[in-house]
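Asker: Based on what follows, work out the 3D shape:
(chains A, B, C and D)
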Amino acid sequence: MNRVKYFQEVMEIEAYVYTAGPIGTRWLQELKNGRLTAAYCAKCGKLFLPPKMFEPETFEEAVELRPIDDVGVVETYAVIHRGFDGEELKEPVAVAFIRFPGVEGGLVHYVKAKELRVGMRVRARWRPVEQRVGSITDIECFEPV
Amino acid sequence: MTKVAIVGLGWSGFSPEVVDMSFREMMFKAAQRAYEDAGGLDPRRDVDAFISCQEDFWEGISIADEFAPDPIGGAMKSVYTVAGDSLQCVGQAYAMIKSGLFDVVVVESHGKPSDMLTLHDVMSMALDPISLRPLGLANIHALAALEARAYMAKYGVGPQHLAEVVEKAHRAGLRNPRASYAGRLNAGDYELSPVVVDPLREADIAKFVDAAVVVVLASEAAARDLSDTPVWVEGVGWRTETSTLELHDWAFPLHARMAAEDAYRQAKIADPAKEVGFAEVDNRYSFKELQHIEALGLAPRGSAAEMLLEEPSTQAAACPSTSAAARWPRGSPSKSTASPD
Amino acid sequence: MTKPVNPRGTPIKEAEAVGIEFPVVGKARYNYTTGEALGVFLAGLKQGRILGTVCKRCGRVFVPPRMYCSYCFRPVDGWVEARDEGVVVTAVASYIEATRARAEKARVVGVIKLEVPGYKFDDHFFPGIMHYICVDDEAVKSMGIFGMRVRARWRPVEQRVGSITDIECFEPAGP
Amino acid sequence: MSRNINFKHRVAVVGAGMTLFRRRLLETPQELAWLAAKQALEEAGLALKDIDCVVIGSAPDAFDGVHMKGEYLADGAGGWHKPVVRVYVGGATGVFTPIAGWWHVASGLCRKALVVAEEKMSHAAKPHPQYVFRYIWDPIVEKPLNPNLIWIFAMEMHRYMYKCGVKKEDIALVSVKNKRNACGHPSAQLCDPNITVDDVLKSEVLVWPVQRLDVSPVSDGAAALVLADEAEARRITDTPVWIKGIGFTLDTTHWTNRDLAYPEYVRRAAEMAYRMAGIDNPRKQIDVAEPYDPFDYKELHHMEGLGLAKKCEAPILTREGVTQRDGDLPINPSGGLLGVGNPIAAAGLMKVAEIFWQLRGEAGARQVKKPVYTGLAQAWGDLMQAGTVIVLGI
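Answerer: Numbers count the residues shown, from 1 in each chain, chains lettered A, B, ... in the order given. From the prediction side, this is the model:
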């Protein structure tokens, strides 16, 4: 007898609605206001990004956000030329890990620059106020200082 | 405390798409081979516990461990799932046997990536929903590429070194009947491979296969019964660096270093570069092989690449690896497991 | 003192759940390889037949089929055809959809223990499948449905696709 | 399997913690895990640096909506630079997590371990967290029928009612008891001091015979334990609670091939745990128990599987008040999943925490009346398949 070889199904719902936590929610709100902040752990004195209500290494609570300058340093970058299935993108997109002075961690984000290099200083390019939604994408990308 | 041994191993699949078997049938085939290899052991009688290594979204089934027991002989016996790579399961089996409660533990792991139509979307679901996922990265390999650049920039590794890793892995695979993507590459072939996420080319990224593997572990007494040639597990380590990609070391796999240190301590290995005869390291990306050789202490930090070029014979002998093809990604970039035998 | 002392957490209402809404539609699609067992089973359904496998060592018949005996750990010894008829082992009446929304009308669903000529089964192990049962929900509430003989109502041949839904439901078969 | 062995390392529970259980919590899954882990560490008087390894338990990734949830949760569970593993067996995960923690310590690989279970069901918001359960069914032979999770429970409940001649009124008594018990629990989501059998019988019919108040709610939450080997435990506390027995079993996947009236897999898991704990008469030797109660009939079902009642006897014991907090065999004094809430894996671990607190005499408003020396927690999961049992004693 012939077999039915495949059976297609999905494993999905309509949408997930993620909460960002007590400090993360405020962090997103600050992004909407055009301000970059980092979580501050009063007990260990560390600033860290992305924010959580605890600092993972010391396990101490963090309740405070402190503003930081939206200028950082490219620690590493990659340029996406092709998608996961090998399809060529219309134009290459650069993504970088950006570190901020005095802050543990940092942000993975897009960078637009003619020439990229490790160690280059970049600044956030914010979306216009009316387009911001309280997301990491309220920063459109980073660009050279 | 008892020693722990591997007494049987079985596999099935290891091709880009296994069309004629479901994952359960692949598990059954691999289990039959493993039990035969372990002296014809009867899983219904001789095995105390079974561990299946899998993740829900890889399977397309929620609580996928529901489907674990029957194909490996575990129905109405002690079975559970570890969400992680299979070496972590081996670590669990090791601890279970060391505890003294279990004598024979079976570890099963499988992957059927060909069943996933939306593999990239599924992999992207592993990203932090607040800090990373909204970026909508067009290719999740970009995260590995960030690590690759950080490593290469810090230690002066160039494309010529990655090419060497790729070439070596494909060549080694020619001697492995299960290596689907084995082949002989010439010096220039690497450069013909398209750049996917700079600095990684297509050739730097391991391709997927469907496969199932079953391993039988046993206590010293049980191992002597089951096998004349048990392979002793001298040490096992597994470490998580951090859940937070932004807080991990982009240039060096600290997790692998820490996991290796745990395993070496148990195995009483003081100088791995001298004492470890050969190694199979995770090379799902070409640069990962170099990183892992260093993390495992088989070469000083930042020197694996030069060793590879300068002393290819030594290096090939020290670290022959299967074809990159025989790896399929499981686990995260911030986690690692080491298990020297 | 009552433990846990001062457990924490910040309860919120749905409307306050500020965060990220992430649509998942289209993002987790699978093309399951049916394999030999379910591949043949689905092809059988398309022909209006319910097929199972048999382990001759222990005498168990497996519907839905698999290629190995879950109890003896050995390959099965071949295929058998079950009748599309059997008795209801358990059944319930669902008033909600998979989405938790109220259903327009009750849907009865249960497990049917199938008959296989030449084999006898007790209550402990039997070939059985879950399916809709085309009866009124009162039959469930009165428990009259337990032990009821039912028979598959097949979709017309041209509508069958090789799926469990090629059977519309099981309906009372009379004594 | 080894019998009557003397383990080199006895394993103790030395601290427990948990979050509030609520329909929706603002904290991220990592933060929920942290709240519970931090509280457990504080109760044990330890800092994260004292911990050697971490075991995480969490059920389907599809709830939190994070693929590879174990890796994701690690930071919150205290996994920074530590050996971390995530284990799961569906709904039975919560009790399984300290079972896996046991061999981390009993093997000598770790001296002190954090065991953390977390679930955030509210993330799966649209259309409803229940929808996610559609994917636990066989994708080929069952999912096309568009099942709701409650179907499978209702089928089991109905079969049990049929086989044992149990009435819905008797089953509803469990829900009433547990929701009243929950009023003594600071984390509880569903305390109701005035609930009656009538309220349960009049609640919305979901899938007959299951009504809304027969079922535990959708919840967010986390729970955690600290485990230690004997020497460490003696240093940490004067009142360690020992893990005396562990057991776990997974029945065949093919639930439509077997009778659902009796949970054979729970019986086998319990036998394994009892053998290790040296228990031969559980009804006499277990002083307090937390069997898994996502549905009210499940408590009865599991009491029978655990040998705390004979087959079909649990409803009678319940009616006679034996299972009340002041009864001869207090069952679910915490309030269980029906009262405290059901963030799946976290709910199972909450039960182990409850036995820990009961045996230490720290359950305060919930403390059972009789003196207790040995207690048991049990969870259940998968397609009516998984039984996990842990026996604790002082």
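Asker: what's the burial count for the residue in chain C that chain D sits nearest to?
Answerer: Scanning chain C for the residue nearest chain D gives C:T2, at 2.7 Å (criterion: CB to the nearest CB). All C-beta atoms are positioned from the backbone trio N, CA, C, and that covers glycine. Counted with other CB atoms under 10 Å in any protein chain shown, the neighbours of C:T2 add up to 14.
Asker: count of neighbours near B:M1?
Answerer: Look at B:M1: counted by other CB under 10 Å, it has 13 neighbours.
Asker: Repeat that for the one 3 residues further on.
Answerer: Residue neighbour count, defined by other CB under 10 Å, stands at 25 for B:V4.
Asker: ok, what's across the strand from it?
Answerer: Here B:V4 sits in beta bridges with B:S219, B:V233, going by DSSP bridges.
Asker: Can you name the residues that contact it?
Answerer: Going by CB atoms under 8 Å, 6 or more residues apart in numbering or on different chains, B:V4 touches B:93-94, B:97-98, B:217-220, B:223, B:232-233.
Asker: Alongside chain B, which residues does chain C contribute?
Answerer: Applying CB under 8 Å from any CB of the partner chain, one finds that chain C approaches chain B through C:19-20, C:22, C:26-38, C:66-68, C:70-73.
Asker: Kindly supply the PyMOL command isolating those of those residues that are buried.
Answerer: Only the buried entries of the residues of chain C next to chain B go into this PyMOL selection, using 16 or more other CB atoms under 10 Å in any protein chain shown:
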select buried, chain C and resi 19+20+22+27+28+29+30+32+33+34+35+36+37+38+66+67+68+70+71+72+73
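Asker: Out of the residues of chain C next to chain B, name the ones that lie in helices.
Answerer: C:35-38 (DSSP state H).
Asker: from those, which is closest to chain B?
Answerer: Nearest member of these to chain B, counting by CB to the nearest CB, is C:G35, at 2.8 Å.
Asker: Now the closest one: closest residue in space that isn't a chain neighbour?
Answerer: B:S22 (2.8 Å; CB to CB, 6 or more residues apart in numbering or on different chains).
Asker: From what I see, that neighbour and C:T34 are in contact.
Answerer: Yes - assessed by CB atoms under 8 Å, B:S22 is found in contact with C:T34 at 6.1 Å.
Asker: what sits against the closest residue to chain C within chain B?
Answerer: Nearest residue of chain B to chain C (CB to the nearest CB) works out as B:S22 at 2.8 Å. Under the criterion of CB under 8 Å, 6+ apart, the neighbours of B:S22 are C:32-38.
Asker: Can you say which two of those residues are spatially most distant?
Answerer: Largest separation among those by CB to CB: C:Y32 and C:E36, giving 13.6 Å.
Asker: For chain C, just list every one of the strands.
Answerer: All strands of chain C, identified by DSSP state E, fall at C:19-23, C:29-33, C:50-55, C:60-62, C:79-82, C:85-96, C:102-114, C:128-132, C:149-154, C:167-172.
Asker: rank those by mean pLDDT and give me the bottom one.
Answerer: Mean pLDDT across those is lowest at strand C:19-23; the value there is a mean of 88.
Asker: Need the CA coordinates for that one. CSV is fine.
Answerer: Extracted as CSV, the C-alpha positions of strand C:19-23 are listed here (Å, rounded to 0.1, in the frame of the first residue of the first chain):
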residue,chain,number,x,y,z
GLY,C,19,5.4,44.7,26.9
ILE,C,20,5.8,43.2,23.4
GLU,C,21,3.1,41.6,21.5
PHE,C,22,4.6,39.1,19.2
PRO,C,23,2.4,37.4,16.5
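Asker: Direction included, what does it pair up with?
Answerer: strand A:15-19 (antiparallel).
Asker: Go ahead and name everything in contact with the strand it pairs with.
Answerer: With CB under 8 Å, 6+ apart as the test, strand A:15-19 has contacts from A:25, B:129-130, C:12, C:17-25, D:24-28, D:65, D:122-126.
Asker: at 6 Å instead, please
Answerer: Applying CB atoms under 6 Å, 6 or more residues apart in numbering or on different chains, the contact partners of strand A:15-19 are B:129, C:17, C:19-23, D:26, D:65, D:123, D:125-126.
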